[in-house]
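Peer 1: Provided below are the primary sequence and the corresponding predicted coordinates.
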Amino acid sequence: QRRGDPVIGRRDRLWISSKKLLVRKRWVAFTIFTLSLGLTIFTATTSDPVGSPRVDATNGHVYFGAEGEIKRSDLDGSNRKTIVRGISQPRAIGLDIATGHIYWLDADTISDYVGRARLDGSSFTVIHDVSPNVVQSPGLIDMLVDPGDGYVFFADELTGQITRLGMAGESPTPIHTSVG
């Protein structure tokens, strides 16, 4: 598939396009839009931003962060359910459907961490904590879960690093650091 080509499922599914990242010679999409339905899945009731949505095409769900929670709904927006509570600012989400885990970045002025839970919300754990010792702007800005190779990647704009972790948070390894 060429860069910029949309990934299109059935007409009642979501069209995944926009912001793409090259991972192992594959383009991975980061933003979702409805293709034929033209509907809004969720509108936040607070001024907090809505975190990056991720599609679980296997089970027909979309997961997203909003209002200090990770939420899940069917692809048409119905059956909305809160999966994980107690997150300051859910910024990015990743899924490992095969093992039944959801990953997220919590990026707030007092917390910067990579979290993980089961898809039903149980077993909430912080797998990597980079919270600052002082109150400051959050640094974690995006993540990618690569279940095939067993890694979680995240970007930190404060340190200028991209870091690779094992799926349980083990062996954090910076794989890129910006110069300057």
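Peer 2: Structure's in. What do you need?
Peer 1: Next one: residue 75 from residue 84, what distance?
Peer 2: With distances taken as Cβ to Cβ, to the nearest Å, residue 75 is found 20 Å from residue 84. In this view, the C-beta of every residue, glycine as well, is placed from N, C-alpha and C.
Peer 1: quick one, which of these two is more surrounded?
Peer 2: A direct count of neighbours by other Cβ atoms under 10 Å for residue 75 and residue 84 places residue 84 higher, at 25 against 22.
Peer 1: List the contacts of the closest residue to residue 158 other than its chain neighbours.
Peer 2: In space, residue 158 comes closest to residue 139 once its chain neighbours are excluded; the distance is 3.2 Å by Cβ to Cβ, 6 or more residues apart in numbering. Applying Cβ atoms under 8 Å, 6 or more residues apart in numbering to residue 139 gives the contacts 107, 112, 130, 132, 156-159.
Peer 1: pLDDT value on residue 139, please?
Peer 2: On the pLDDT scale, residue 139 is placed at 83.
Peer 1: Then the one 5 residues further on?
Peer 2: Listed pLDDT for residue 144 reads 93.
Peer 1: name the element it belongs to?
Peer 2: Assigned by DSSP states H and E, residue 144 falls within strand 140-146.
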